[in-house]
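K.L.:
fold the following and give me the result.
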Amino acid sequence: MKRAAECEVEGDKATNKETKTASTENGVETPQAEEIAALMARTAPCFRPFVQEVMYTERQIRVRAAEMAKTVSDHYRGILKDDETLIVVGLLNGAIPFMTEFVSHLTIPTILDYIAVHSYDGIDTTNTVNFRSDMKEDPKNQHVLIVDDICDTGATLKWAKEHMLKKEPASLTTCVMLDKKERRVAEVDPEWSGWVIPNKFVVGFGLDFNQKYRDIPFVAVLAPAAYKNTDS
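P.N.:
The predicted structure follows:
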């Protein structure tokens, strides 16, 4: 394991190297160097050397979450009756940061709940979903929205939908921050997604590598060196 002092030195070196910024495709504004520097300063020093590219900043995620929340609110406003509430179900652990931001912009009554599942081993999805804990609310005859950080092969989202449909909700939709369509194996597509991304391994804002990097306040492409360094 690396000592704290060694991590600080690596972190300082990382802040001096050039960091790639997000693309301007699809109307996404390229973040300024000052914004990147501020986000890196909030990142654990040991993690900084493994940030290969900043894909989406915290600001960009917040803006997109607000846009998605408006669309979802408008959709359900025409569906929910006066006494009905939308149950928003996050898939733990990855959904927490994005879901928290997303629901803060919803303008319809909601109840928050969670299902704990796991399907990744390192940088690869196992396509086998490990079910750990179920939601507390009874969704029968209620409207449900499942939220996750990313739809990759689609195995987790497909499992979650099938699991939820067994509970007989009135309706069921899905929403993800990122959609990696190139990797799709399962026949599933979220109704709403923040961005469609290329086949790169990303971490941050809930996304992890072996449970690490979830707390990075932006979405980053993880450098390949991290795959071989379990002390990162």
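K.L.:
a helix runs through residue 55, doesn't it?
P.N.:
No: counting by DSSP: H, G, I helix; E, B strand; the rest coil, residue 55 is not found in a helix; it is strand.
K.L.:
which non-adjacent residue is nearest it?
P.N.:
Nearest non-adjacent residue to residue 55, counting by CB to CB, 6 or more residues apart in numbering: residue 219, 4.6 Å away. C-beta coordinates here come from the backbone N, C-alpha and C atoms, glycine included.
K.L.:
okay, that neighbour and residue 102: tell me how far apart.
P.N.:
14 Å (CB to CB, to the nearest Å).
K.L.:
next structured bit after the longest helix seen in the chain?
P.N.:
The residue-count maximum for a helix in the chain (DSSP state H) belongs to helix 58-77. Per DSSP states H and E, the first helix or strand lying C-terminal to helix 58-77 is strand 86-92.
K.L.:
so where do the helices sit in the chain?
P.N.:
Under DSSP H, the chain gives helices at 4-16, 33-41, 58-77, 96-103, 155-165.
K.L.:
output the lowest mean pLDDT helix or strand found in this structure.
P.N.:
Averaged element by element with mean pLDDT, DSSP states H and E, the chain has its least confident helix or strand at helix 4-16 (a mean of 44).
K.L.:
before we move on, back to that, what about the residue nearest to residue 55, distance to residue 169?
P.N.:
Distance of residue 219 to residue 169, computed by CB to CB: 30 Å.
K.L.:
looking at the two, which is more packed in?
P.N.:
Set residue 219 next to residue 169 and count neighbours by other CB atoms under 10 Å: residue 219 wins out with 28 against 19.
K.L.:
what is that one paired to in the beta sheet?
P.N.:
In this entry, residue 219 is beta-bridged to residue 56, by DSSP bridges.
K.L.:
pLDDT value on it, please?
P.N.:
Model confidence at residue 219, given as pLDDT, is 98.
K.L.:
I'd guessed it sits against residue 201; true?
P.N.:
No: taking contacts as CB atoms under 8 Å, residue 219 lies outside contact range of residue 201: 11.2 Å.
K.L.:
what stretches of this protein score poorly on pLDDT?
P.N.:
1-29, 119-127, 229-232 (pLDDT under 70).
K.L.:
spatially central residue for it, please.
P.N.:
Centroid check for the chain by CA atoms, centre = their mean gives residue 149 as the closest residue, at 2.2 Å.
K.L.:
how close does the closest residue to that one other than its chain neighbours sit to residue 132?
P.N.:
Distances taken as CB to CB, 6+ apart put residue 94 closest to residue 149, at 3.8 Å, once the chain neighbours are dropped. Remark: distance between residue 94 and residue 132 (CB to CB) = 13 Å.
K.L.:
neighbour count: these two, which is higher?
P.N.:
Neighbour count, other CB under 10 Å: between residue 94 and residue 132, residue 94 has more, with 24 against 11.
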